[in-house]
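*Asks:* fold the following.
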Amino acid sequence: MEFFKINRNIPFMSYGRYTTTISLVTFILAVFFIATKGLNFGVDFTGGTVMEVHYSQAADLNKVRGQLTDMGLHDVLVQNFGSSHDVLLQVSLKQNVVGAKLSEQILDKLRQQDTSVEMRRVDFVGPQVGKELVENGALALLLVSIGIACYLWVRFEWKFGLAAIIANLHDVIIIIGFFAFFQWDFSLTVLAALLAVLGYSVNESVVVFDRIRENFRKMRKTDVAEIIDNAITRTMSRTIITHLCTQMMVTAMLFLGGETLHYFALALTIGILFSIYSSVLVASPLLMLMGVSREDFIKTEKVVEEVLP
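*Replies:* Below you'll find the predicted structure:
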């Protein structure tokens with residue numbers, strides 16, 4: 001299905017040097033912010049107290065946040081849980097409070113404005129558990145990246161696997177850089193979004209790579225740059241439709257999903273935008289830099305000459 005058809009190739013590769021430079025600068029800035037500012041880890045990673053309270057009427061989340069701020073508890077995650085009467089509170093250990101009596105203090109504070117508040121459950125996540133989650137999350141990203149590279153190596157050729165994994169990690173590092181720069185809450189849902197972006201981005205790269213491989217076999221007298229330009233141009237309609245439909249769903253989560261899905265959808269939005277850019281203007285120029293050629297796909301036939309005595 002195509003909403004429009006482009007009759008002439010768009011010369012993407014003629015801008016490859018500039019786009020690669022922009023990507024490198026963006027990547028370096030992201031690494032700089034990660035190294036200097038660090039991530040604002042949520043309760044899942046830092047440890048802390050998770051409370052669920054119940055109100056007889058619909059809870060006003062802004063008033064709840066105000067009460068917690070009066071207690072000196074800043075950056076507490078406050079969100080509805082299941083219904084407008086149930087509220088989930090997440091207080092990280094960064095607040096320098098002890099979890100043993102914290103729940104009682106918060107409950108007493110909430111009951112000053114509404115005596116009907118009931119405690120439903122209290123969970124405490126220790127810092128050791130948070131540390132293990134960080135390590136396991138990093139390991140998950142590493143294993144997924146290695147798996148993607150191996151898959152593309154087997155399906156195409158090692159140059160394609162290397163180009164795709166560099167482009168995918170480019171997307172992930174930039175997303176993490178955004179979270180480091182703005183100090184957005186980095187939780188397990190954001191980590192899940194990073195893994196989703198890895199799969200989403202590699203899917204886009206595979207589509208473009210399939211077209212490139214097909215063009216190498218069909219366009220025998222065409223240079224490499226034009227072959228890649230043609231492949232990207234032919235997939236442009238599909239790329240726009242796919243990303244537009246996906247972003248519509250992610251936008252709904254971003255604005256209507258509440259605080260629980262906000263940063264998950266935000267990470268996906270950044271990832272979708274940069275996956276378009278990286279699959280077209282990062283992975284493909286890298287292929288040219290690594291010297292991809294027709295010989296990488298077409299096996300030369302060996303002619304065996306028989307020498308007559």
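*Asks:* so who does residue 203 touch?
*Replies:* Contacts for residue 203 (Cβ atoms under 8 Å, 6 or more residues apart in numbering) come out as none. The C-beta positions use only the backbone N, C-alpha and C, and glycine is treated the same way.
*Asks:* next SSE downstream of the helix or strand that contains it?
*Replies:* According to DSSP states H and E, residue 203 maps onto helix 188-218. Remark: after helix 188-218, the chain's next helix or strand is helix 224-234, criterion DSSP H and E.
*Asks:* C-alpha coordinates for that next one, PDB please?
*Replies:* Taking Å, rounded to 0.1, in the frame of the first residue of the first chain, the C-alpha atoms of helix 224-234 are listed here in PDB:
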ATOM      1  CA  VAL A 224      26.400   1.800  -4.700                       C
ATOM      2  CA  ALA A 225      25.100   5.200  -3.700                       C
ATOM      3  CA  GLU A 226      22.300   5.200  -6.200                       C
ATOM      4  CA  ILE A 227      21.400   1.600  -5.200                       C
ATOM      5  CA  ILE A 228      21.000   2.600  -1.600                       C
ATOM      6  CA  ASP A 229      19.100   5.800  -2.500                       C
ATOM      7  CA  ASN A 230      16.600   3.800  -4.600                       C
ATOM      8  CA  ALA A 231      16.100   1.300  -1.800                       C
ATOM      9  CA  ILE A 232      15.400   4.000   0.800                       C
ATOM     10  CA  THR A 233      13.100   5.900  -1.700                       C
ATOM     11  CA  ARG A 234      11.100   2.700  -2.400                       C
END
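*Asks:* okay, now the domains of the protein?
*Replies:* Domain assignment for the chain by automatic domain parsing gives 12-40+129-295, 48-125.
*Asks:* now the longest one: average pLDDT?
*Replies:* For domain 12-40+129-295, the per-residue pLDDT values average out at 87.
*Asks:* for that domain, measure first residue to last.
*Replies:* 23 Å (Cα to Cα, to the nearest Å).
*Asks:* that'll do, ta.
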